[in-house]
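# build me a model:
(one chain, ligands or ions: 1)
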Amino acid sequence: MIIEPRMRGFICLTSHPTGCEQNVKNQIEYIKSKGAIDGPKRVLVIGASTGFGLASRITSAFGCNAATIGVFFEKPPVAKRPGSPGFYNSAAFENEATKAGLYAKSINGDAFSKEVKQQVIDLIKTDLGQVDLIIYSLASPVRMHPETGVLHRSTLKPIGKTFTNKTVDFHTGNVTEVSIEPATEEDIENTVVVMGGEDWAMWIDELKKANLLSNGATTIAYSYIGPSLTEAVYRKGTIGRAKDDLEATAFKITDSLKDINGKGYVSVNKALVTQASSAIPVIPLYISLLYKIMKEEGIHEGCIEQIQRLFHDRLYSGKEIPTDDKGRIRIDDWEMRDDVQERVAKLWLEATTETLPQIGDLAGYKQDFLNLFGFGFKGVDYEADVNEVVEIPSIK
Ligand code: NAI
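Sure, this is the predicted structure:
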């Protein structure tokens, strides 16, 4: 079929298999161009199909020569109905890994469930023996709690009082004011259950009990801080409470891994266009302004550049892993530079529907958003008939 982008709100209903493949190939080429990293050889990535998790899987495989197991929750295609981009990305990743002689297997299912954890445990036991690095990169709006069966929904709300600020509809470029009502206690608790650290700790606990963590095993989850402009809706909002919990969990994990010299870390990453971040009000406007400035300064990065830097300069540099005063690894250092943030804050005041195309990088935002779904890549013939029913080799 011929597949075109069909946008609805902050999601795109279609995705393009050849474009997703191109996206994965571009990321692999980038990693290869940066040279080998002396890193882990057996890696489990939870949330491996898009965004930071996909970049982590690609960096592990093509930078460190690692065998990878990827876990994700994606929609497979059926005739005339394209699958979700993460499905096509993972098919492309496995094909490229196999061509390069690298082990790669995937599990498509709910990572919060006991069943998927068990499937991963069985797979590691039979195929890899143990793992050296576990990346936890889930972004989900819901979690069915494995013990209680309750379905928890996360929210993106401020805490304490209504938050009013500018936002942009990145499809139309319209800058408007948005008001978000404050969260209830229940909203906060639910968001922490979904996006906090409980499930990460459960994974590590299960893997350790099954003796599947190698001596010195490391685990990393991703967090975000961001500037004061977005803090009411992000870091001091419901999602921020979940990130506080995630960050606290890193210390608990390190404690629980003492006997095998293991460590749990949180890496604070840069704001980027992903399926998860486009759903957060205010953030798309912030990102459009941030991109403009970071590109002008020559310090713009996407997920793959961020994770390459995380592995090469932080985790596996051969030196002690640098952390901030709260024990977090920081690869949001360029985003948070004073000069960058001062310029964003100034432009924020000037941003209107009329000025944004000049003062912000709305075009870059849109391009990145299209790319998430496999659209807008050079070298891909979008007029051509394409087979939408692609399979992930290890899931056949
Ligand atoms: P994303 O939406 O691109 O990726 C989410 C991944 O989680 C996908 O692989 C998806 O299949 C998987 N997933 C979701 N629910 C699942 C489930 N129930 N079972 C199995 N897999 C499931 O998200 P993104 O942006 O890469 O986020 C990953 C992490 O990075 C999150 O913790 C996020 O808060 C964090 N982060 C994101 C930033 C951003 O600007 N995008 C900035 C800093 C941190």
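# what's the pLDDT at the residue in the stretch 1-150 of the chain that the ligand sits nearest to?
Residue nearest to the ligand within the stretch 1-150 of the chain: G51 (2.1 Å; CB to the nearest ligand atom). Heads up, the C-betas are built off the backbone N, CA and C, glycines and all. With respect to pLDDT, G51 scores 95.
# and K346, how many neighbours?
Applying other CB atoms under 10 Å, we find 12 residues neighbouring K346.
# can you classify it as helix, strand or coil?
The three-state label given to K346 by DSSP: H, G, I helix; E, B strand; the rest coil is helix.
# show the pLDDT at it.
97.
# from the ligand, how far off is it?
K346 sits 22 Å away from the ligand, taking CB to the nearest ligand atom, to the nearest Å as the criterion.
# on that earlier part again, quick check: the residue of the stretch 1-150 of the chain closest to the ligand vs I134, distance?
17 Å (CB to CB, to the nearest Å).
# again with E21
27 Å.
# of the two, which one has the most company?
Using other CB under 10 Å as the criterion, E21 and I134 rank with I134 on top: 27 against 21.
# that one belongs to a strand?
Yes - under three-state DSSP, I134 sits within a strand.
# that one contacts T219, doesn't it?
Yes - counting by CB atoms under 8 Å, I134 touches T219, with 4.2 Å between them.
# what touches both of those two?
Residues touching both I134 and T219 (CB atoms under 8 Å, 6 or more residues apart in numbering): I204.
# near the ligand, which residues of this protein show up?
Counting by CB under 6 Å from any ligand atom, the chain comes close to the ligand at 47-53, 71-74, 86, 110-112, 137-140, 222-224, 269, 271-272, 274-277.
# now, which of the residues you listed lie within strands?
If you go by DSSP state E, the residues of the chain next to the ligand have V71, F72, Y222, S223 in strands.
# please name the residues that touch the closest residue to L54 other than its chain neighbours.
Leaving out its chain neighbours, the residue that sits closest to L54 by CB to CB, 6 or more residues apart in numbering is N89, at 5.6 Å. With contact taken as CB under 8 Å, 6+ apart, N89 is in contact with C20, N23, V24, S49, T50, L54.
# quick check, pLDDT for the last one.
According to the prediction, L54 has pLDDT 98.
# count the residues that sit near it.
L54 has 30 nearby residues by other CB under 10 Å.
# so how far is G129 from it?
Taking CB to CB, one finds L54 at 25 Å from G129.
# what packs against the helix or strand hosting V116?
Using DSSP states H and E, V116 sits within helix 114-123. Secondary-structure packing of helix 114-123 (3 or more CB pairs under 8 Å, 6 or more residues apart in numbering; DSSP states H and E): strand 67-72, strand 104-108, helix 198-209.
# dump those to JSON lines, plus distance to V178 and mean neighbour count.
Formatted as JSON lines, those follow (distance: least, CB to CB, whole Å; neighbours: other CB atoms under 10 Å):
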{"stretch": "strand 67-72", "distance to V178": "31", "mean neighbour count": "27"}
{"stretch": "strand 104-108", "distance to V178": "35", "mean neighbour count": "22"}
{"stretch": "helix 198-209", "distance to V178": "30", "mean neighbour count": "19"}
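# turn the ones you listed into a markdown table, including mean pLDDT.
Below are those laid out as a markdown table (pLDDT from 0 to 100):
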| stretch | mean pLDDT |
| --- | --- |
| strand 67-72 | 98 |
| strand 104-108 | 98 |
| helix 198-209 | 98 |
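# could you dump those to JSON lines with distance to L349?
Below are those laid out as JSON lines (distance: least, CB to CB, whole Å):
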{"stretch": "strand 67-72", "distance to L349": "40"}
{"stretch": "strand 104-108", "distance to L349": "45"}
{"stretch": "helix 198-209", "distance to L349": "38"}
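# Three-state assignment for G101, please.
On the basis of three-state DSSP, G101 is classed as coil.
# what's the neighbour count on D385?
Look at D385: counted by other CB under 10 Å, it has 9 neighbours.
# so what's it up against?
M1, I2.
# assumed it was part of a helix.
No - the assignment for D385, made by three-state DSSP, is coil rather than a helix.
# what sits up against stretch 254-270?
Residues contacting stretch 254-270 (CB under 8 Å, 6+ apart): 52, 201, 204-205, 208, 213-225, 246-247, 249-253, 301, 306, 310, 314, 321, 323-324, 327-332, 334-335.
# wait, stretch 143-162
Identification of contacts with stretch 143-162 by CB under 8 Å, 6+ apart yields 110, 112-114, 140-142, 179-183, 187-188, 190-191, 193-195, 199, 202, 232-233, 236-239, 241-242, 279-281.
# tell me if I'm right that I37 and D313 touch.
No - the pair formed by I37 and D313 falls short of the contact definition of CB under 8 Å, at 9.9 Å.
# quick one on the thing from earlier: list the contacts for the closest residue in space to the residue of the stretch 1-150 of the chain closest to the ligand that isn't next to it in sequence?
Nearest residue to G51, sequence neighbours excluded (CB to CB, 6+ apart): T274, at 3.9 Å. Applying CB under 8 Å, 6+ apart, we find T274 in contact with T50, G51, F52, A139, C303, L372.
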